[in-house]
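Asks: test case, fold it:
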Amino acid sequence: MQITYLVIIAIITYVLGAVNKIIWESMPNKYIPIQNVLIGIISGLICFIFKIEPNFLNAMVLCLSATMSAGGIADLVNVKNNEE
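Replies: Alright, predicted model coming up:
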């Protein structure tokens, strides 16, 4: 089950990232957390609708926490690369 969540989140992130690149050439960094929340909500809804997770609250919390932590890790990597 855990791998299924990650695959859904990765696909949603890829699709929204591609759409974002088409619409906005360079989105300001202040909007990235909002994009991560949208990815988490959409992923949670997909997991609940397709019965990957039967409990709606669990699906939303799991997907939101996964997307927000992935965004935090990406920020840490970017900060480390900018310092070097």
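Asks: against Pro54, how distant is Thr13?
Replies: Applying C-beta to C-beta, to the nearest Å, the value for Thr13 to Pro54 is 24 Å. Heads up, the C-betas are built off the backbone N, CA and C, glycines and all.
Asks: the two: which has the busier surroundings?
Replies: Ranked by neighbour count (other C-beta atoms under 10 Å), Thr13 and Pro54 place Thr13 first, with 19 against 9.
Asks: quickly note the distance from the more buried one to Asn55.
Replies: Distance of Thr13 to Asn55, given as C-beta to C-beta: 23 Å.
Asks: and if you look at Ile9?
Replies: Distance from Ile9 to Asn55, by C-beta to C-beta: 18 Å.
Asks: centroid residue for the chain?
Replies: Thr67 (3.7 Å; C-alpha atoms, centre = their mean).
Asks: please say which of Ile9 and Asn55 ends up with more neighbours.
Replies: Ile9 (22 against 10).
Asks: which SS class is the more buried one?
Replies: Three-state call for Ile9 (DSSP: H, G, I helix; E, B strand; the rest coil): helix.
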